[in-house]
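>>> attaching a predicted model along with its sequence, questions to come.
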Amino acid sequence: MRSMPERTQLTMPENDLDYELLRQIIDQPTASQRGLAARLGVSVGKVNYCLRALVDKGWVKANNFRRSDNKLAYAYLLTARGASAKVRLAREFLEHKEREFERLQTEIAALRDELKEDLPDARKPT
């Protein structure tokens, strides 16, 4: 069971959410919308909306089944189109994360340079 880092949850683009939702469905097809929402760091309403959109796109099939402890539950399954979409979204997700990583590396280098410049001033006696 995978969970997302807290910072990513706050700024997740819609395609990233679709990708993460597809990943979660593969990991746990019988997960509840509440459980998916908790793992993805979004509201249950957002998960419901996104799942309906994935079903409408033909990427996910929702099968309801009956269990003794829960009178109505769903199993979410990726379709062939959904598996293809997941691969495409995985590539986009990776590209997005690589750009973010490069941006962070640049920011970190600039901060290190700033600290090197400020360091001699901090050592001067006042």
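Yep, that arrived.
>>> low-confidence stretches in this protein?
For the chain, applying pLDDT under 70 flags the ranges 1-13, 65-72, 120-126.
>>> ok, now how distant is residue 21 from residue 38?
According to C-beta to C-beta, to the nearest Å, residue 21 and residue 38 sit 13 Å apart. For glycine as for every other residue, the C-beta is placed from the backbone atoms N, C-alpha and C.
>>> show me which of these two is the more surrounded one.
Neighbour totals were compared for residue 21 and residue 38, and residue 21 leads with 25 against 14 (other C-beta atoms under 10 Å).
>>> check contacts around the more buried one.
36, 40, 47, 50-51, 54 (C-beta atoms under 8 Å, 6 or more residues apart in numbering).
>>> let's have those residues in a markdown table, adding secondary structure, neighbour count and distance to residue 106.
A markdown table is the format used below for the contacts of residue 21 (DSSP: H, G, I helix; E, B strand; the rest coil; neighbours: other C-beta atoms under 10 Å; distance: C-beta to C-beta, whole Å):
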| residue | secondary structure | neighbour count | distance to residue 106 |
| --- | --- | --- | --- |
| 36 | helix | 22 | 34 |
| 40 | helix | 23 | 29 |
| 47 | helix | 23 | 34 |
| 50 | helix | 22 | 32 |
| 51 | helix | 18 | 37 |
| 54 | helix | 22 | 35 |
